[in-house]
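Q: Next one to model:
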Amino acid sequence: MKKAWGRWVWLAVGAIVIVLIFYNLSRNPEWRNFRWDHLWRSIVDARRDYLLLSLLLIYSTYLVRAIRWQFFMAPIKAASLWVLFVGQILGFSSIFLVGRPGELVRPAYIAKRENVPMSAMSAVWLLERVLDTIAMVVLFAAALYFEPVNPDTPRGVFALHEMHEGGHLLFAFTALLILGLVLFRMKPAVMSAFVLKLFRFLPERPLRFFAHLLRSFGQSLSLIRGWKGLAGSVVTTAVLWVINTTIVWLIYKSVRHHHGNLPWLAAGLTLFCAAGGLIIQFPGIGGGYQVGVILALTEIFNVPPEPATGASILLWIMSSVPCLALGLVLLIHEGLSIRKLEAITEEEEKAVSLEEN
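A: Below you'll find the model as predicted:
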């Protein structure tokens, strides 16, 4: 009950933030003269060849993710590539359907099918998040410092300035994150005890949860053993984010407007802005991701509102519909349903709780 209540509160806060953003945009003259027919045309006239190529690349990302999980899981078990691939599809389908709580489906499904502890799969998931965060920062740095960006509005200049300022903090955070990875990899028990000592002011229950998180973090780092595991994890992460950026770039090119000529690194910068909006994810309709794309295109790259909105809608359709369609097929093939997936997730979560106690 508390979880459900907290989820609704979070969604309400996210909705208010998005409404405020659109209210702010509506005061801009370009947005007040928004042409819905231009938006419609930007979507229906999109180039099918670019969309088809992006579709093939979208499906390839789930295969790359499955291969990366094989490298992560190698010290635990030689996992089936098929099970890992199905887990990626079902997991991301669940995120599109129910929002952020769907994140737990991937580790829970794979833990169940491969008969490994849920705590180990939580560690794999955490390691994946850390590597993806580092990859996103590297992509952001490359786009920000190697792609000339010249916004022609005061708002765009201000937004770019703020991104540069925030970039310094982000790079510092990433450097600390990498340092933490090294130290936790070398001395997980010592580092966990040190961090817990710093946060001993927390109440008992949050502190116990934090301790579990640190254990999972240390366990996730211990999964990378030897140069082969490290190289495989880094290479698959790099390949994944090159593909992700290329997908965004192709979808931009599919829209028949001058932003179809945006360079590849520009797609990387808008992808970074969109990723920041993933924190606000509404079941079935997305949310902050699309707002991040629109803001980046209009405020930084001087794209008119209609094609920018069209590109964000196409990006949402291409990222969600193919995954959901294949997810439905795989659910039938595996003899599962959304309710059964939820039951598997709850069962694995209970197993983790018993391990902690």
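
Q: low-scoring pLDDT stretches of the stretch 101-250 of the chain, where are they?
A: For the stretch 101-250 of the chain, residues meeting the criterion pLDDT under 70 lie at 101, 147-168, 209, 213, 216-226.

Q: For it, just list every one of the helices.
A: For the stretch 101-250 of the chain, applying DSSP state H, counting those that start in this stretch gives helices covering 105-114, 118-146, 154-186, 188-198, 204-222, 226-254.

Q: Need the winner for burial among those helices.
A: Highest mean neighbour count of the helices of the stretch 101-250 of the chain: helix 105-114, a mean of 24 (counted as mean count of other Cβ atoms under 10 Å). Yep, even glycine has a C-beta here, placed from its N, CA and C like the rest.

Q: Let's have the helices of the stretch 101-250 of the chain in a markdown table, adding distance to V293.
A: Output for the helices of the stretch 101-250 of the chain, formatted as a markdown table (distance: least, Cβ to Cβ, whole Å):
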| stretch | distance to V293 |
| --- | --- |
| helix 105-114 | 24 |
| helix 118-146 | 14 |
| helix 154-186 | 14 |
| helix 188-198 | 36 |
| helix 204-222 | 30 |
| helix 226-254 | 8 |
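
Q: List just the one of these that sits closest to I300.
A: Comparison of these against I300 by Cβ to Cβ identifies helix 154-186 as nearest, at 5.6 Å.

Q: Hmm, L330 is touching Q88, no?
A: No: between L330 and Q88 there is no contact, the gap being 10.2 Å when judged by Cβ atoms under 8 Å.

Q: More neighbours: those two, which one.
A: Neighbours were counted for L330 and for Q88 using other Cβ atoms under 10 Å; Q88 has more, 23 against 16.

Q: what secondary structure does the more buried one sit in?
A: Under DSSP: H, G, I helix; E, B strand; the rest coil, Q88 falls in the helix class.

Q: Now it: closest residue in space that isn't a chain neighbour?
A: The spatially closest residue to Q88, leaving aside those adjacent along the chain, is Y62, at 4.4 Å (Cβ to Cβ, 6 or more residues apart in numbering).

Q: Measure how far stretch 196-211 is from the centre of its chain, please.
A: Offset of stretch 196-211 from its chain centre (Cα atoms, centre = their mean, to the nearest Å): 27 Å.

Q: Just the CA trace of that stretch, in CSV.
A: Provided in CSV are the C-alpha atoms of stretch 196-211 (Å, rounded to 0.1, in the frame of the first residue of the first chain):
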residue,chain,number,x,y,z
LEU,A,196,28.2,3.3,6.5
LYS,A,197,30.1,5.1,9.3
LEU,A,198,29.6,8.4,7.4
PHE,A,199,25.8,7.7,7.2
ARG,A,200,25.4,6.3,10.7
PHE,A,201,23.0,9.2,11.5
LEU,A,202,20.3,7.5,9.4
PRO,A,203,17.4,5.6,11.1
GLU,A,204,17.9,1.9,11.4
ARG,A,205,15.7,0.8,8.5
PRO,A,206,17.1,3.2,5.8
LEU,A,207,20.6,2.4,7.1
ARG,A,208,19.9,-1.4,6.7
PHE,A,209,18.7,-0.8,3.2
PHE,A,210,21.8,1.4,2.4
ALA,A,211,24.0,-1.4,3.8
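
Q: show me the contacts for the residue nearest the centre of the chain.
A: Geometric centre of the chain, nearest residue: A275, 6.0 Å, by Cα atoms, centre = their mean. With contact set as Cβ atoms under 8 Å, 6 or more residues apart in numbering, A275 has these partners: 136, 289, 292.

Q: Would you mind putting the residues you listed into CSV with distance to W264 alongside?
A: Output for the contacts of A275, formatted as CSV (distance: Cβ to Cβ, whole Å):
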residue, distance to W264
M136, 16
Y289, 20
G292, 18
